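Chemist: got a predicted structure plus its sequence, pasted below:
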Amino acid sequence: MTPAFEKLQKHLKQLPGLGYRAAERIALHLLVEKPARLPALVSALEEAAVAVRRCDRCGNLAESEFCAICSDEKRERALVCVVEHVPDLVAIERSGAFRGTYHVLHGKLSPIHGVGPDDLNLASLRARMEEGEVGELILALPNDVEGEATCHYLTDHLPANRAVKTTRIGFGLPSGGGVLYADSVTLKSALEGRRGYQ
Ligand SMILES: [Zn+2]
C-alpha cells in the first residue's frame with residue numbers, strides 16, 4: 001500500500017464501528033473501485049464540518065443558534081427529555097412518541113473514563129431550569145451504573161425547583177443498552193410508563 005492510502009486507512013479505523021479490515025475495504029472502495037464518489041464525499045465532509053454545530057439550548061445538532069426541535073413552536077417546551085447522545089434523540093424521534101423537547105448531555109458520568117460533570121452539557125440545562133422553562137425532566141439515560149449515577153447527579157445538583165417533576169424511563173428497555181437499541185414500540189411504552197424519580 002502507499003503512504004497516503006495507509007494514512008486514510010488509519011483515520012477511517014478511528015471511526016466508531018470500523019476495524020482494520022473495514023477501514024481497508026472503505027479506503028479501497030473510495031480510491032480504487034469508485035473514485036468518482038470521492039469528491040462528493042470530501043465536499044460533504046467539508047460542508048458538515050463548517051455548518052453543523054450544537055444547539056445552544058439543548059445540544060442537538062443544529063446549523064444555526066437553535067436546532068429544528070427547539071425552533072418548532074408546536075413542541076411542548078416544558079417537557080424536557082434528557083438523553084446521553086444525539087442518536088438517542090433520533091431513536092425517540094423515530095418512535096413518534098414524544099412531542100416535547102430534549103437535552104443532550106453528550107456523555108454520562110464515568111469516573112473510570114475520566115468523565116466528570118464539567119464534561120457534560122449541563123450549563124445550558126441549568127440555565128433552562130433557572131429560567132423556569134422546564135416543567136418535567138424525563139431522564140432517558142442508560143440503565144447501567146453510569147446512567148444511574150448521572151441521574152442521581154442531576155437530581156442532586158440541578159437547581160432545586162419544586163415546580164419541576166423528575167421522571168425516569170427504563171421500563172422494558174434492554175439493560176445497559178438503553179434508548180438507542182430499543183425499537184419504537186418499546187420506546188413508546190417506556191415513555192408512557194415513565195415513573196417519578198427521586
Ligand atoms: Zn435544540
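Modeler: Received it, and whenever you're ready, just let me know what you need. Residues are numbered from 1 along each chain as shown.
Chemist: and the strand of greatest length in the chain, what does it pack onto?
Modeler: For the chain, the strand reaching the highest residue count under DSSP state E is reported as strand 76-83. If contacts are counted by 3 or more C-beta pairs under 8 Å, 6 or more residues apart in numbering; DSSP states H and E, strand 76-83 sits against helix 86-95, strand 100-104, helix 123-130, strand 136-139. Every residue, glycine included, has its C-beta placed from N, CA and C.
Chemist: which residues are contacting the last one?
Modeler: If you take C-beta atoms under 8 Å, 6 or more residues apart in numbering as the criterion, strand 136-139 is touched by 78-82, 100, 129, 151, 154, 158, 164-169, 191, 194, 197.
Chemist: also the third one?
Modeler: The contact list for helix 123-130, computed with C-beta under 8 Å, 6+ apart, reads 56-59, 80, 82, 103, 105, 134, 137, 158-159, 161, 164.
Chemist: from these, which are also near the ion?
Modeler: The subset of the contacts of helix 123-130 within reach of the ion, by C-beta under 5 Å from the ion, is R57, C58.
Chemist: let me see the confidence value for the residue nearest the centre of the chain.
Modeler: By C-alpha atoms, centre = their mean, the chain has its centre lying nearest to H85, at 1.7 Å. Looking at H85, its pLDDT reads 95.
Chemist: pretty sure it contacts K108?
Modeler: No: between H85 and K108 there is no contact under C-beta atoms under 8 Å: 9.0 Å.
Chemist: any idea how many residues pack against Y197?
Modeler: 17 (other C-beta atoms under 10 Å).
Chemist: in this structure, which ranges drop under the pLDDT threshold?
Modeler: Low-confidence segments of the chain, defined by pLDDT under 70: 160-162, 170-177.
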